[in-house]
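**Student:** Need coordinates for the following:
(2 chains)
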There are 2 protein chains.
Amino acid sequence: MSQKAVVILSSGGIDSTTAMAIVKNQGYEIISLSLDYGQRNRYELECSKKVAAFYKVKEHVIISLNLRQIGGSALTSEIEVPKNRSEVELNEDIPVTYVPARNLIFLSVAVALAEARKITNIFIGVNAVDFSGYPDCRPAFIQSFEATANLGTRCGVQGKEHIRIHTPLIHLSKRQIIEKGLELGVNFELTSSCYDPQSGGKPCGSCDSCLIRQKGFKELDKEDPCRSG
Amino acid sequence: MSQKAVVILSSGGIDSTTAMAIVKNQGYEIISLSLDYGQRNRYELECSKKVAAFYKVKEHVIISLNLRQIGGSALTSEIEVPKNRSEVELNEDIPVTYVPARNLIFLSVAVALAEARKITNIFIGVNAVDFSGYPDCRPAFIQSFEATANLGTRCGVQGKEHIRIHTPLIHLSKRQIIEKGLELGVNFELTSSCYDPQSGGKPCGSCDSCLIRQKGFKELDKEDPCRSG
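**Tutor:** Numbers count the residues shown, from 1 in each chain, chains lettered A, B, ... in the order given. The predicted structure is shown next:
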């Protein structure tokens, strides 16, 4: 496999799709990875497939791992998704939509896929600005994960190149991410961000993720193509 | 949930079962976690269920995550399992039975389960003596993983107690592990170690894992109950 191939985590949302556009723009061959983890928003998996087709990825791997057996989050249990929270509330504490160890698990599966495909560069669209306070989106976690992955894999221990976890969006606001995506021609109509969509994937418009997305588009004075349908 | 509860990874093999006996002997309440990852040895999952019943665990969670979609190992693809390797060969390099990022993934899922159950102590029966040279069984990896888990989880960032990864067997040889298990009354008949068992779970007797197990019992001058049937 070419050294120019990368593995990228793809949720079908704004962030990972913009990260994929960045990777595509840099000329990498793409293997995208999505996790069917029993998430409340089933529609985002369909979005990840559309995004994979749009970017003509070499391979789109969807791994099932039912985190509903574990629970502990509004996204993977019957806990209600908070709605219409104020900006102050959005910046308070870690919300109930936090999924225990989600990015730890997702990145671990990405490392397995990368190692099996002889790839060392992994991309993830986390950001630590408009990010709901999730601990597994912060630079300190990502850096530590990269070190751990290199200690626990054959390629990390013996390979010529170490595993690298790339986070091109980590210091961008949602507004800046959308701006970057639009610059690169991202079709945001293909994406889904809602934690609790209605049938057909229609966004609820009031969960934290919808509110952060709306704010991003509003600040840019752009219309979200997912809201106009 | 009581602070005396732990999560333990259980493969149905000698090491994790001995680790479970140690935990049980210390009076902990046990939540065991097994991964159905598409492993060649399907029988080991049945063993993990028998072990869970034997130790009267509070909960035995079996999570499916098909690593055959990823491959890259003799345990998760059509790559042949090496047989009848010499002791010199057993100590050479990392063998094809290495599964990319396996313990990274397993520990990540264990962290998710522990966090959701409000548990901070996680046990894993890795050992870095008779261990096939797998990088994800070494102390350096485990220590780094623990730090990463505490950076990427709510309980690690905000909890009163940090996540701890316990490896009670890490410096023991297979002989010492079996000896410890026998002291604690482990019924090794319930366990399976073979990488490539015949129908009904009968061990092949010649893969690396069978050879290391045989050597352990032989050094103790004990009969392996799994070989006598």
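**Student:** list the contacts for the residue nearest to A:R213 when sequence neighbours are not counted?
**Tutor:** Once flanking residues are discounted, A:R213 sits nearest to A:S193: 4.7 Å by CB to CB, 6 or more residues apart in numbering or on different chains. Just so you know, the C-beta spots here come from the backbone N, C-alpha and C atoms, and that holds for glycine as well. Applying CB atoms under 8 Å, 6 or more residues apart in numbering or on different chains to A:S193 gives the contacts A:G13, A:I14, A:P203, A:S209, A:C210, A:I212, A:R213, A:C226.
**Student:** ok, so what distance separates A:S193 from A:C207?
**Tutor:** 9 Å (CB to CB, to the nearest Å).
**Student:** can you give me the helices in chain A?
**Tutor:** Listed in chain order, the helices of chain A (DSSP state H) span A:14-25, A:43-54, A:87-90, A:102-116, A:139-151, A:154-158, A:174-183, A:208-219.
**Student:** Any chance of the ones you listed in TSV with mean neighbour count as columns?
**Tutor:** Converted to TSV, these look like this (neighbours: other CB atoms under 10 Å in any protein chain shown):
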stretch	mean neighbour count
helix A:14-25	24
helix A:43-54	20
helix A:87-90	11
helix A:102-116	27
helix A:139-151	22
helix A:154-158	19
helix A:174-183	19
helix A:208-219	20
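**Student:** Please identify which of the contacts of A:S193 is nearest to A:A112.
**Tutor:** Nearest to A:A112 among these: A:G13, at 22.3 Å, using CB to CB.
**Student:** neighbours of that closest one, just the number please.
**Tutor:** The number of residues packed around A:G13, counting by other CB atoms under 10 Å in any protein chain shown, is 21.
**Student:** Could you find the closest non-adjacent residue to A:Q198?
**Tutor:** With sequence-adjacent residues excluded and distances taken as CB to CB, 6+ apart, A:Q198 is closest to A:C204, at 6.4 Å.
**Student:** thinking again about what came up before, which one of the contacts of A:S193 is nearest chain B?
**Tutor:** A:S209 (17.8 Å; CB to the nearest CB).
**Student:** top strand in chain A by residue count?
**Tutor:** strand A:29-36 (DSSP state E).
**Student:** quick one: average confidence on that strand?
**Tutor:** The predicted model assigns strand A:29-36 a mean pLDDT of 98.
**Student:** now for it, which elements pack on it?
**Tutor:** When contacts are defined as 3 or more CB pairs under 8 Å, 6 or more residues apart in numbering or on different chains; DSSP states H and E, strand A:29-36 packs onto strand A:5-9, helix A:14-25, helix A:43-54, strand A:59-64, helix A:102-116.
**Student:** From A:T17, how far off is the residue nearest to A:Q198?
**Tutor:** Distance of A:C204 to A:T17, computed by CB to CB: 20 Å.
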